[in-house]
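Any chance you can model this:
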Amino acid sequence: MSELEHFRQNALDPANRADVADALAARSGMRIDIDRRRGRAAGINPSGRYEQQSRHVFDDGWETLEDLPAFKTEVQVERPRTVITRNESPDISFDRSINPYRGCEHGCIYCFARPTHAFMGLSPGLDFESRLFAKPDAPKLLERELAKPGYKPRYIAIGTNTDPYQPIEKKWRIVRQILEVLNACNHPVGIVTKSATVLRDIDILAQMAEKDLVKVAVSVTTLDRQLARTMEPRASTPVRRLEAIKGLSEAGIPVAVMASPIIPGLNDHEMERILDSAKAAGASTASYILLRLPLEVSPLFRDWLLRHYPDRYRHVMSLVRSMRGGKDYDAEFTKRMKGSGPYAWQLARRFEITTKKLGLDRKWRALRTDLFTPPHGTGVQLNLL
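Numbers count the residues shown, from 1 in each chain. As a prediction, the model looks like this:
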């Protein structure tokens, strides 16, 4: 059955009419031909919310759309003045982070970082997956920041916005250079990824683990290969992520599993299997985050859901809204990560019971900061005093 036929059938149901109308409105004039977006999760490429003009793709009868090229990954160089980003969010356990890349080729349809592409005048849709920015100066900038007088070392997180080990890292190797800087000055770091490419840097990570300077969290969203392929088209397969957990654990590197995001009605039934599989692979602790649909992520996700799982559309969105105060998303601190209401409570209890049973409820040991030695590399500004 075609997408259009699914839409027409769903629209006949009065209870579903509003949802379908919203989704169709999001798609109107923006749907990209499947041949142009093959291997991508997003099906639309709406203009960024800060743009004065909104561009829409439509066939004017001259068949000009057939000549448009496919979306290919393009990487531009970004040269920021600083590389350490600071935050004061009460929902997360760190106050500083590093993001070597802007945009992510993994293309996870649910990625909460998609709206940040609007700051670059680009779309949070297909542009986020294909028009990327790399920060090759990040290692040198990091050296300078760590060498500043009065700098106090605290845990730095890498990969909190976009995945540091996305495919372009194989060529640019920015993350590895950052780790070399942190290892040389004994600075603590935590990494979040869903890529098995993290195993490439196991030599550095193992050295840092011996000094209690590193921990890694691997995101395992689903064990269903087909769901992973459509939802996270260019990320490592579920099996490869479990292999990454195993490899890191065997090398003595503390590793956690992130069962995130939990999408009600789509992958929430896998929570226990994911945790059990990760424990068997060597994970020592676990966490989860509820699906977040801020700003442009909501229409992108709803469009994806209608294309791939139209029979679940009503059920999934109904459960999401039941945990978000009737909205697609609630950005309130303390609620945005876990949600609220009976279904959110049930998810939390299931997670609590399973992690306790598997021994994944242990807290991570705090990373050391007392070993820190300011860097003295070539990128460090000399003291004029």
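
When you work out contacts or count neighbours from here on, use the C-alpha atoms and nothing else.
Noted.

got the CA coordinates for the helix or strand where Val316 lies in PDB?
Per DSSP states H and E, Val316 falls inside helix 313-322. In PDB, the C-alpha atoms belonging to helix 313-322 read as follows (Å, rounded to 0.1, in the frame of the first residue of the first chain):
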ATOM      1  CA  TYR A 313       1.200   6.500  14.100                       C
ATOM      2  CA  ARG A 314      -1.800   7.200  16.300                       C
ATOM      3  CA  HIS A 315      -0.700   4.900  19.100                       C
ATOM      4  CA  VAL A 316       2.900   6.200  19.200                       C
ATOM      5  CA  MET A 317       1.900   9.900  19.200                       C
ATOM      6  CA  SER A 318      -0.900   9.400  21.700                       C
ATOM      7  CA  LEU A 319       1.500   7.800  24.200                       C
ATOM      8  CA  VAL A 320       4.100  10.500  23.600                       C
ATOM      9  CA  ARG A 321       1.600  13.200  24.300                       C
ATOM     10  CA  SER A 322       0.300  11.400  27.400                       C
END
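
Distance from it to the middle of the chain?
22 Å (C-alpha atoms, centre = their mean, to the nearest Å).

Can you tell me which helices and strands it packs against?
helix 297-308 (3 or more C-alpha pairs under 8 Å, 6 or more residues apart in numbering; DSSP states H and E).

so what does the helix it packs on touch, helix or strand wise?
helix 3-11, helix 17-27, helix 313-322.

ok, then the element right after the last one?
Downstream of helix 313-322, the next assigned helix or strand under DSSP H and E is helix 342-358.

show me where pLDDT drops low in the stretch 1-150 of the chain?
Within the stretch 1-150 of the chain, the stretches with pLDDT under 70 are 1-30, 56-67.

residue boundaries of the strands in this protein?
74-77, 84-86, 96-98, 101-102, 131-134, 156-158, 189-193, 214-219, 255-262, 285-290 (DSSP state E).

Pick the most deeply packed of the ones you listed.
Stretch with highest mean neighbour count among these: strand 101-102 (a mean of 26; mean count of other C-alpha atoms under 10 Å).

And the contacts of that one?
Applying C-alpha atoms under 8 Å, 6 or more residues apart in numbering, the contact partners of strand 101-102 are 117, 132-135, 162-164.

what do you get if the cut-off is 7 Å, keeping everything else the same?
132-135, 162, 164 (C-alpha atoms under 7 Å, 6 or more residues apart in numbering).

Distance to Glu78 added to those residues, as JSON lines?
Below are the contacts of strand 101-102 laid out as JSON lines (distance: C-alpha to C-alpha, whole Å):
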{"residue": "Leu132", "distance to Glu78": "10"}
{"residue": "Phe133", "distance to Glu78": "6"}
{"residue": "Ala134", "distance to Glu78": "6"}
{"residue": "Lys135", "distance to Glu78": "5"}
{"residue": "Thr162", "distance to Glu78": "15"}
{"residue": "Pro164", "distance to Glu78": "15"}
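
out of these, who's nearest Leu248?
Distance ranking of these against Leu248, using C-alpha to C-alpha, places Pro164 first at 16.4 Å.

mind listing what the closest one touches?
Contacts of Pro164 by C-alpha under 7 Å, 6+ apart are 99-101, 158, 175, 193.

Show the model's pLDDT score for it.
If you check Pro164, the pLDDT there is 98.

what's the spacing between it and Val75?
14 Å (C-alpha to C-alpha, to the nearest Å).

Tyr101 now?
10 Å.

list residues touching both of these two?
Contacts common to Tyr101 and Val75, judged by C-alpha under 7 Å, 6+ apart, are 133-134.

circling back: how about TSV for the strands of the chain, with distance to Arg273 added?
As requested, the strands of the chain are exported to TSV (distance: least, C-alpha to C-alpha, whole Å):
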stretch	distance to Arg273
strand 74-77	37
strand 84-86	35
strand 96-98	31
strand 101-102	32
strand 131-134	34
strand 156-158	27
strand 189-193	20
strand 214-219	14
strand 255-262	10
strand 285-290	13
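
show me the contacts for the residue nearest to His117 when sequence neighbours are not counted.
Distances taken as C-alpha to C-alpha, 6 or more residues apart in numbering put Pro124 closest to His117, at 5.4 Å, once the chain neighbours are dropped. Residues near Pro124 by C-alpha under 7 Å, 6+ apart: 48, 114-115, 117-118, 296.
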